[in-house]
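# pasting the structure only:
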């Protein structure tokens with residue numbers, strides 16, 4: 001595991017030199033790390049796909065990693081999102097799943113729970129938890145009639 005961290009730091013540096021405008025900062029871990037399991041239903045936000053594909057291409061072109069498979073563990077990721085609500089700008093520090101939820105609202109101002117679950121690809125419990133955060137703790141979203149829909153606040 002310590003070897004992964006050391007190797008990863010060098011890879012991050014090389015990637016940043018080759019792709020300075022790519023905001024992805026990937027931590028590459030071998031399959032020996034405990035508790036790192038990909039959610040096969042989780043969907044990479046399409047806004048991130050170009051950046052992740054650039055990293056995969058870079059990684060697979062490194063001599064010792066050409067035959068490796070890159071699998072994104074979205075539950076472990078985090079990032080920043082620039083959000084504009086009522087003309088006010090905010091930078092939100094969020095987990096990848098939370099980012100995925102928020103980005104869906106660029107496509108539509110309102111979703112029902114089932115559709116949002118389908119678009120993001122996470123289980124009901126986790127989606128409920130994140131929606132609760134976005135509707136109560138950081139109220140950027142509003143629950144609709146009888147809590148069947150969620151819309152921008």
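Perfect, I can see it now. Predicted, not measured: the structure shown is a model, and the values here were computed from it.

# now for the helix ranked longest in the chain, which elements pack on it?
When the chain is parsed with DSSP state H, its longest helix is helix 2-18. With contacts defined as 3 or more CB pairs under 8 Å, 6 or more residues apart in numbering; DSSP states H and E, helix 2-18 has these neighbours: helix 46-60. For glycine as for every other residue, the C-beta is placed from the backbone atoms N, C-alpha and C.

# pLDDT averaged over the helix it packs on, what's the number?
Here helix 46-60 scores 92 as its mean pLDDT.

# again with stretch 93-105
Mean predicted confidence for stretch 93-105 is 93.

# which residues does residue 117 contact?
123, 124, 127 (CB atoms under 8 Å, 6 or more residues apart in numbering).

# if we go to 7 Å?
By CB atoms under 7 Å, 6 or more residues apart in numbering, residue 117 lies in contact with 124, 127.

# who's in contact with residue 57?
Contacts of residue 57 (CB under 7 Å, 6+ apart): none.

# Next one: it from residue 81, what distance?
Taking CB to CB, to the nearest Å as the measure, residue 57 falls 25 Å from residue 81.

# Name the nearest residue to the most centrally placed residue in the chain, ignoring sequence neighbours.
Central residue of the chain (CA atoms, centre = their mean): residue 96, 2.4 Å from the mean position. Using CB to CB, 6 or more residues apart in numbering and skipping the chain neighbours, the partner closest in space to residue 96 is residue 77 (3.5 Å).
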